[in-house]
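Chemist: one predicted model, sequence on top.
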Amino acid sequence: MLELIDISKVYRGGKRAVDGLTLRLRPGLIGLLGPNGAGKSSLMRIAATVTRPTGGTVLFHGADAVARPDALRRALGYLPQDFGVYPNLTSREFLRYLAAAKGVSARTARTRIDELLELVNLTEAVKRPLGTYSGGMLRRVGIAQVLLADPQVIIVDEPTAGLDPEERVRLRNLLSDLAADRVVLLSTHIVSDVESVAADIAVLADGRLRHRGTPEDLLRSVAGQVWEVLVDPGAVPAVQARHLVSRLVRTTEGVRIRLLSRTLPSEGAVPVAADLEDAYLAVVRGATGGGPTLGFDARPLRAGAE
């Protein structure tokens with residue numbers, strides 16, 4: 001078990017990135033959702049023992065991982081949001097270097113690296129220097145290095161950045177498989193990265209934990225509060241001012257708006273089933289106070305009206 005208890009992180013100048021957050025992690029895939037600036041990366045660095053918290057405790061199997069981080073580091077695979085490489089090395093040379101740093105024997109590393117390069121679909125580029133790789137390819141090298149020492153705790157921060165749709169699916173499925181018998185903490189601001197693979201979702205906003213539960217729990221929080229309405233283009237700003245809009249599609253007939261409201265938002269609005277993006281947006285916007293919230297409906301807006 002990895003436990004983050006009452007964690008806070010305050011940077012110079014008084015910026016509070018994490019504010020009294022508690023998160024207990026057991027084997028399985030935990031999706032950490034939150035907008036940019038929510039404190040996700042700061043929390044991930046603390047969990048990976050890269051950064052010390054300003055306050056709070058990190059426990060790994062009950063032992064203090066802040067004071068004695070070695071046990072957690074030996075069991076850890078970590079992919080930060082900004083992953084650096086040596087541009088003159090090939091992917092195989094780079095992974096051999098990291099394997100040695102992680103204490104993996106040369107014999108084990110040779111076999112393991114070949115397996116991982118095939119797993120992340122980089123065998124055809126194995127002889128090229130890393131400086132010639134695309135951003136997505138470098139991200140795949142980062143994913144391979146996470147798995148070098150067969151870690152029991154995997155922490156990945158925005159791992160799908162730069163990946164094409166097929167690679168994103170491949171990575172999500174891989175992380176889901178790995179989570180069968182280990183802790184996998186996946187941080188992202190993209191709901192689709194976690195909705196199909198995470199049975200446990202934590203939502204952060206302003207450095208605080210705003211929701212923790214299953215996807216079904218999150219969906220239930222906005223059940224009966226999602227609507228669609230077709231309006232004239234000129235009415236869009238008024239709708240956005242009054243309601244929390246999760247989607248907006250322009251059609252030949254007008255603008256189809258998907259929004260959240262506890263009451264009928266306008267004439268012609270029809271209720272629709274909530275999806276995870278609706279629920280996530282409601283939690284985040286309700287927490288930050290930025291823009292309209294579910295309780296903002298001062299009066300109904302007539303479809304097509306200014």
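Modeler: In hand now; what should we look at?

Chemist: pLDDT of stretch 256-274, averaged?
Modeler: In this model, stretch 256-274 has a mean pLDDT of 93.

Chemist: equivalent analysis for stretch 98-113, please.
Modeler: On average, stretch 98-113 scores 92.

Chemist: do stretch 171-188 as well
Modeler: Averaging the model's pLDDT scores along stretch 171-188 yields 91.

Chemist: okay, buried residues for it please.
Modeler: Applying a neighbour-count criterion of 16 or more other C-beta atoms under 10 Å, the buried positions in stretch 171-188 are 171-172, 174-176, 178-179, 182-188. To be clear about C-beta, it is placed using only N, CA and C from the backbone, and glycine gets the same treatment.

Chemist: likewise stretch 272-288?
Modeler: 274-276, 278-287.

Chemist: what about the closest residue to Leu163 other than its chain neighbours, how many neighbours?
Modeler: Residue nearest to Leu163 in three dimensions, not counting chain neighbours: Gly136, with 5.0 Å by C-beta to C-beta, 6 or more residues apart in numbering. Counted with other C-beta atoms under 10 Å, the burial measure for Gly136 works out to 14 neighbours.

Chemist: Gly136: what's it in contact with?
Modeler: 162-164, 167 (C-beta atoms under 8 Å, 6 or more residues apart in numbering).

Chemist: could you check the pLDDT of it?
Modeler: The model reports Gly136 with a pLDDT of 87.

Chemist: could you do Leu294 as well?
Modeler: With respect to pLDDT, Leu294 has a value of 47.

Chemist: dihedrals phi and psi, the most centrally placed residue in the chain?
Modeler: Geometric centre of the chain, nearest residue: Thr188, 1.8 Å, by C-alpha atoms, centre = their mean. Note on Thr188: its backbone torsions stand at phi -160, psi 160 [degrees, to the nearest 10].

Chemist: give the contact list for it.
Modeler: By C-beta under 8 Å, 6+ apart, the contact list for Thr188 reads 31-33, 158-160, 194.

Chemist: go ahead and confirm Arg262 touches Gln225.
Modeler: Yes - counting by C-beta atoms under 8 Å, a contact exists between Arg262 and Gln225, whose distance comes to 5.5 Å.

Chemist: okay, the two: which has more neighbours?
Modeler: A side-by-side neighbour count of Arg262 and Gln225, using other C-beta under 10 Å, places Gln225 first with 19 against 12.

Chemist: correct me if wrong, but Ile190 is in a strand.
Modeler: No - counting by DSSP: H, G, I helix; E, B strand; the rest coil, Ile190 is located in no strand; its state is coil.

Chemist: and it, how close does it get to Ala47?
Modeler: 20 Å (C-beta to C-beta, to the nearest Å).

Chemist: tell me which of these two has more neighbours.
Modeler: For Ile190 versus Ala47, the count of surrounding residues by other C-beta under 10 Å is larger for Ala47: 29 against 13.

Chemist: gap between that one and Glu118?
Modeler: Remark: distance between Ala47 and Glu118 (C-beta to C-beta) = 29 Å.

Chemist: now swap in Val153 and tell me
Modeler: Noted for Val153: a distance of 24 Å to Glu118, by C-beta to C-beta.

Chemist: likewise for Pro159?
Modeler: Separation of Pro159 from Glu118 (C-beta to C-beta) stands at 18 Å.

Chemist: who has more neighbours out of those two?
Modeler: It is Pro159, of Pro159 and Glu118, that has more neighbours when counted by other C-beta under 10 Å, with 26 against 12.

Chemist: and the more buried one, what does it touch?
Modeler: With contacts defined as C-beta under 8 Å, 6+ apart, the neighbours of Pro159 are 79, 139, 142-143, 171, 175, 186, 188.

Chemist: same thing but at 6 Å, please
Modeler: Leu79 (C-beta atoms under 6 Å, 6 or more residues apart in numbering).

Chemist: read off the pLDDT value for it.
Modeler: At Pro159 the predicted local distance difference test score is 87.

Chemist: assign it to helix, strand or coil.
Modeler: Classification of Pro159 by three-state DSSP places it in coil.

Chemist: per-domain residue ranges of the protein.
Modeler: Structural domains assigned to the chain are 2-214, 220-296, following automatic domain parsing.

Chemist: the buried residues of stretch 272-288 in helices, which ones?
Modeler: The subset of those located in helices under the criterion DSSP state H comprises 276, 278-287.

Chemist: can you tell me which of those is nearest Ala199?
Modeler: Proximity to Ala199 was ranked across these by C-beta to C-beta; first place goes to Leu276, at 12.7 Å.

Chemist: quickly find the element holding the residue nearest to Val146 when sequence neighbours are not counted.
Modeler: In space, not counting the residues next to it along the chain, Val146 is nearest to Gly77; the distance is 3.8 Å by C-beta to C-beta, 6+ apart. For Gly77, the element it lies in under DSSP states H and E is strand 76-79.
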